[in-house]
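In: Below is the structure, and that's it, no one-letter string:
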């Protein structure tokens with residue numbers, strides 16, 4: 001901004017290296033580039049303002065109505081369902097702010113608490129392992145919500161189909177990549193022989209948005225005679 005480029009005409013061996021038409025063309029291209037940059041910046045500013053407006057409307061209207069429903073509802077199941085919807089809504093509002101970040105430690109602590117709350121009433125034991133040096137890494141809102149919904153969908157599938165007694169979630173850091181493995185001792189699952197449903201498609205799409213990879217595999221334990229499924233997720237992260 002505020003910088004002006006000029007193209008000088010030079011003489012060499014009585015011949016011009018650039019003509020005045022060349023200079024006019026270069027200046028025209030530069031002006032077009034400036035106009036494009038200004039338009040792009042205006043679009044981005046408009047998108048940010050629109051996201052902020054949507055976030056305010058969701059918070060002030062929809063979230064407020066859900067809170068009112070929580071306070072007035074007498075049925076316990078309706079209250080719990082409404083609380084769950086309100087939490088999902090707040091996560092959606094959070095992702096609209098694309099400039100805020102959170103540490104990975106805070107993100108996975110939140111996810112772990114929700115998974116534990118879902119498994120406890122079902123008697124499914126959760127084993128959780130994570131490294132100690134993850135507080136220096138950050139998540140964008142989109143990374144946070146994607147990881148949350150990926151693990152939510154995985155846990156939902158395990159609860160519905162695996163008939164498992166435990167779930168083991170192991171999180172590791174390696175070369176600025178986050179590795180997550182989810183293992184159960186249920187009936188097993190073959191991704192190659194099934195017809196993928198919406199849940200699997202959503203998991204794949206969200207992992208792709210994280211520039212990561214995901215794979216499914218079956219495993220068996222000869223000592224216990226149990227089978228199960230392993231899901232491995234890997235995607236890059238950044239330091240704070």
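Out: Done, it's in. Small disclaimer: the values here were computed from a predicted structure and weren't measured.
In: elements contacting the top helix by length along the chain?
Out: The longest helix of the chain (DSSP state H) is helix 20-57. Packing partners of helix 20-57 (3 or more C-beta pairs under 8 Å, 6 or more residues apart in numbering; DSSP states H and E): helix 76-96. Placement of C-beta: from N, CA and C, glycine included.
In: Strands of the protein, start to end?
Out: 11-12, 15-16, 102-103, 125-129, 137-139, 166-174, 177-184, 213-221, 226-236, 238-239 (DSSP state E).
In: and the ones you listed as CSV, adding mean pLDDT and distance to residue 75?
Out: Formatted as CSV, the strands of the chain follow (pLDDT from 0 to 100; distance: least, C-beta to C-beta, whole Å):
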stretch, mean pLDDT, distance to residue 75
strand 11-12, 50, 88
strand 15-16, 52, 86
strand 102-103, 80, 34
strand 125-129, 94, 28
strand 137-139, 84, 35
strand 166-174, 92, 29
strand 177-184, 93, 32
strand 213-221, 83, 38
strand 226-236, 88, 35
strand 238-239, 71, 44
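In: Which stretch among the ones you listed approaches residue 53 most closely?
Out: Closest approach to residue 53 among the strands of the chain is made by strand 102-103 (22.9 Å; C-beta to C-beta).
In: which residues are in contact with stretch 156-169?
Out: Stretch 156-169 is contacted from outside by 112, 115, 118-119, 122-129, 151, 155, 180-187, 189, 199-200, 228-229, using C-beta atoms under 8 Å, 6 or more residues apart in numbering.
In: ok, of those residues, which come out buried?
Out: Neighbour-count burial (16 or more other C-beta atoms under 10 Å) applied to those gives 112, 115, 118-119, 124, 151, 155, 180-186, 189, 200, 228-229.
In: distance of the closest residue to residue 139 other than its chain neighbours from residue 62?
Out: Once flanking residues are discounted, residue 139 sits nearest to residue 107: 4.9 Å by C-beta to C-beta, 6 or more residues apart in numbering. Distance, residue 107 to residue 62, using C-beta to C-beta, to the nearest Å: 24 Å.
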